[in-house]
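Participant: Got a sequence here, can you build the structure:
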Amino acid sequence: MAPCLAFVACLFVVTALSQRSAAGNSPPNIVVVLVDDMGFSDLGCYGGEIETPNIDALAADGLRFTQFYNSGRCCPTRASLMTGLHPHQVGIGHMTAPPGKVLNAPPAYQGHLNETCVTIPQVLKSKDYHTFMTGKWHLGHVNQNDWPMQRGFDRFYGGISGAFNYFKPGGDRGMTDGNQSVQTEDGFYATDAFTDIACQYISDAARADDKPFFLYLAYNAPHWPLNAKVKDFEKYRGRYKDGWEALMKKRFAKQREIGLFDESVQPAPHVGPAWDSLKEKKRDDLDAIMAAYAGCVDNIDQNIGKLVAHLKAVDQYENTLILFLSDNGACQEGGRLGFGDEKMVRNPPLETTNGVRQGLAWANASNTPFRLYKHFLHEGGANTPLIAHWPAGIPEARRNSFVRQPAYLPDIMATCVDLADAKMPGDVPPCQGSSFAHSLTGDSERAKGPIHDTPIFFEHEGNAAMRDGDWKLVREYQKPWELYNIARDRTELDDRSTAESDRRDRMISAWEAWATETNVLFPERYNMYQELKKHE
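Facilitator: All right, here's what the predicted structure looks like:
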C-alpha cells in the first residue's frame, strides 16, 4: 500500500473506533526517545527489577515490540534511525570520526552523514512539522554541515559527539545550543536538561501555532560513564549482592510471567565467572557498578514521567505518538567485570568520559535471555525494546499487547512518513523500511501479517546478520555463519547451519549480494579505530 493510502486507511479505522475524536484528522505529533546502551531486560515491562513506572505505563497503554532490531552500535543505529537507510548507505558503516579527527576512508565508512540522504525532520518539514532535538547527535562532528540544525531540526540542544559527562560535559564533548558551543551551569545533569529543554520547545511551539511537532529526544544515559545521581544510586545499592546468575533467573521468570516469552524459550547461559567465585570486596564493587547503572535508568524513567506530564499540561498528549527504544544491547566495553566502585560514583571525574562502566558480565545479565551484547548482531546486541504509545491512535483493544513481527530501524522513517502523509524526495535512495502504522492502529488483517515480507540485512565491523521470515543467519566477526529458526529457538541456542546447509548457503548468497550492493567491506572488515592508528 502506498504511504498516502496507508495513512488514509489508518485514519478511517481509528476514527471509526472513536479513538481520534479529539484530534480530528490531524497528523500526530511524533516523539522518538532513544536511550543509549540499555539492555533488553532492564525495563520493568521487559522483565527488569529497575523501577520504571512511567515507561511501564506507556507499555500498559501501548504496544511492546518483541523482535525490533537495531544496528548493533550507537552511531550506526542513529544513522539508520534518522535516514531510513542502512548505515553504509549514509557514510557511517562503522563509526563517526572522533572530534578533531578526519578519516581517510571509503565513502560508506567516511564517518559522517553524506549528502545523498535525508533525515526524518527534513521530510516532515514538508508537511509543516516543527522539528526539535535534544540529546546526543553522534552523526558527524568535524563539519557543521553534518550537525542537527543543518540536517532538518529547527531547534537543537545537546552533544554533537558521542559519549560525554552527565554532570560536567567539557571540551570537544561539551554542549551545543543550535550551532553554538555553550557552557553548562552548576547543577547540570544531562538527562534532566535534555527533558527540560525539550518540554520548553514543545511549549513554545504550542503557543506559536497548531502545527504538529517531531521531537527526537536522544538521552546519553545509560552509556558510560555511569554518572548516576547519588540519590538514584543509593536507591539500588545492595540490591545486586546476589549476583548476575540470580538476577538473570529473576528477570527471565518475570519475562515468562508477563507473557514476553513462553515455556518453549530457554535462556542463554551467562558467560561471566560464577558470582560465588569472586571475593567479597569485588562483589561489593560490582554491586555498586550495577546500582549506578540502575540509577541512570531510573532517572530516565523519572524524566519520561516529566515529559508525559508536560504533554498533558499543554494538551498535546492524546495525539502524540511516543516511540521509546535503545540504540543497542547493553554495553560490555568496561572489560569482563566492568570498572569503578562506590567512591567513583559519589565523586565522579568531571569534564571527562572516564568513570564507572558496566562491563561484560552485567551487560550479559541486562540482555536476559539473549546471547552477547553491544557490537554484535546476535539477539543480545541487536534486539532492542521498542514501546509505542499513542492514545488517539492505538485502539483500546490493542493496548498492553505485543507486536511479535520482526521490524528494524528504517521502519521508523517509513512510519513517520506514513503517519504524516508525507513523501520521500525522489532524488535520494528509497527508504529501506516498511511502515508499521497498521501494527499500531490494528488496520484490518494487515496488523496480523508480517511487517516485512522480504529479508532484512545487517552488518557492523564484521558482525553480520539476515532475517528472512522465521530464519536468522548470523555471524560473529569472521567466525563461521550460524543459522537459527527464531520462531522455535528465540535465544539462538540450536545452530542449524549444518542440518540446513542448503538454506544456509542461499541466505549467505543473499547477504553477500546485499553487502556488495550496499558497499559493505567483506570478507575483510573495516575498523575506524585501526584506520586512525595508521595515521598517528
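Participant: low pLDDT regions in the stretch 201-350 of the chain?
Facilitator: Regions of the stretch 201-350 of the chain meeting the criterion pLDDT under 70 are absent.
Participant: ugh, wrong one, I meant the stretch 51-200 of the chain
Facilitator: Applying pLDDT under 70 to the stretch 51-200 of the chain flags no residue at all.
Participant: if you skip the residues just before and after it, what's nearest to D495?
Facilitator: Nearest residue to D495, sequence neighbours excluded (Cβ to Cβ, 6 or more residues apart in numbering): E482, at 4.7 Å. (Each C-beta comes from the backbone N, C-alpha and C, glycine too.)
Participant: Let me know how buried that neighbour is, in neighbour terms.
Facilitator: Number of residues near E482 (other Cβ atoms under 10 Å) recorded here: 18.
Participant: who does it bridge with?
Facilitator: Residues in a beta bridge with E482, per DSSP bridges, are V474.
Participant: Quick check, it in contact with S497.
Facilitator: Yes - applying Cβ atoms under 8 Å as the test, E482 and S497 come out as touching, 5.5 Å apart.
Participant: what's the spacing between the residue nearest to D495 and M38?
Facilitator: Counting by Cβ to Cβ, to the nearest Å, the gap from E482 to M38 is 25 Å.
Participant: do the same with F167
Facilitator: 20 Å.
Participant: who has more neighbours, those two?
Facilitator: Neighbours were counted for F167 and for M38 using other Cβ under 10 Å; M38 has more, 31 against 18.
Participant: out of everything not next to it in sequence, what's closest to that one?
Facilitator: S326 (4.1 Å).
Participant: give me the number of residues near that neighbour?
Facilitator: 26.
Participant: OK, contacts around it?
Facilitator: L34, V35, D36, D37, M38, G39, N70, T384, P385 (Cβ atoms under 8 Å, 6 or more residues apart in numbering).
Participant: Bridging across strands, which residues link to it?
Facilitator: V35.
Participant: ok, for R490, nearest residue in space, not its chain neighbours?
Facilitator: Nearest to R490 is V265, by Cβ to Cβ, 6+ apart, at 4.7 Å.
Participant: number of nearby residues for that neighbour?
Facilitator: Counted by other Cβ under 10 Å, the residues lying close to V265 total 16.
Participant: helix/strand/coil for it?
Facilitator: coil (DSSP: H, G, I helix; E, B strand; the rest coil).
Participant: Look up how far W244 lies from it.
Facilitator: Computed as Cβ to Cβ, the V265 to W244 distance reads 19 Å.
Participant: All the helices of the stretch 51-200 of the chain, in order from the start?
Facilitator: 53-60, 74-83, 120-124, 190-208 (DSSP state H, counting those that start in this stretch).
Participant: Quick one: list the elements packing against the first one.
Facilitator: Using 3 or more Cβ pairs under 8 Å, 6 or more residues apart in numbering; DSSP states H and E as the contact criterion, the elements in contact with helix 53-60 are helix 280-313, strand 320-326, strand 383-389.
Participant: Quick one: residues contacting T131.
Facilitator: Applying Cβ under 8 Å, 6+ apart, the residues near T131 are P121, L124, K125, G152, F153, D154, R155, F213, F214.
Participant: in the stretch 1-150 of the chain, which spans are strands?
Facilitator: In the stretch 1-150 of the chain, the segments counted as strands under DSSP state E, counting those that start in this stretch are 29-35, 63-69, 130-136.
Participant: how about the contacts of S326, which pair is most distant?
Facilitator: Across the contacts of S326, no pair lies farther apart than L34 and G39, at 14.6 Å, counting by Cβ to Cβ.
Participant: Those two: which has the busier surroundings?
Facilitator: Taking other Cβ under 10 Å, L34 and G39 do not tie; G39 has more neighbours (32 against 25).
Participant: The closest residue to T134 other than its chain neighbours: neighbour count?
Facilitator: On the basis of Cβ to Cβ, 6+ apart, the spatially nearest residue to T134 that is not a chain neighbour turns out to be F194, at 4.1 Å. F194 has 26 neighbours, counted by other Cβ under 10 Å.
Participant: quick one: contacts for F194?
Facilitator: Per Cβ under 8 Å, 6+ apart, neighbours of F194: T134, G135, Y157, G158, L217, A218, Y219, N303.
Participant: Okay, it and G272: tell me how far apart.
Facilitator: 32 Å.
Participant: One more: R173?
Facilitator: For R173, the distance to G272 (Cβ to Cβ) stands at 30 Å.
Participant: Quick check: the farthest pair among the contacts of T131?
Facilitator: Across those, the longest distance by Cβ to Cβ is 14.0 Å; it joins L124 and R155.
Participant: Show me which of the two is the more surrounded one.
Facilitator: Shown here are L124 and R155; by other Cβ under 10 Å, L124 has more neighbours (24 against 20).
Participant: That one: what's it in contact with?
Facilitator: L124 makes contact with I30, T131, G152, F214, C416, V417, A420, A422, according to Cβ under 8 Å, 6+ apart.
Participant: Tell me how far the closest residue to the last one other than its chain neighbours lies from S439.
Facilitator: The spatial neighbour of A422 that comes closest, neighbours along the chain excluded (Cβ to Cβ, 6+ apart), is K127 at 4.8 Å. Distance of K127 to S439, computed by Cβ to Cβ: 22 Å.
Participant: before we move on, what about Y46?
Facilitator: Taking Cβ to Cβ, one finds Y46 at 18 Å from S439.
Participant: ok, now L81?
Facilitator: Separation of L81 from S439 (Cβ to Cβ): 18 Å.
Participant: Among the two, which residue is more densely surrounded?
Facilitator: L81 (28 against 24).
Participant: contacting residues for the more buried one?
Facilitator: The neighbourhood of L81, defined by Cβ under 8 Å, 6+ apart, consists of V32, L34, I120, L409, I412, M413.
Participant: How about A193?
Facilitator: Contact analysis of A193 by Cβ under 8 Å, 6+ apart lists T134, Y157, M175, T184.
Participant: Also N383?
Facilitator: F40, Q67, F68, Y69, N70, G329, F370.
Participant: doesn't R404 make contact with the second one?
Facilitator: I take that to be Q67. Yes - the pair Q67 / R404 is scored as a contact, 6.4 Å apart, by Cβ under 8 Å.
Participant: Which one of the two is surrounded by more residues?
Facilitator: Q67 (20 against 12).
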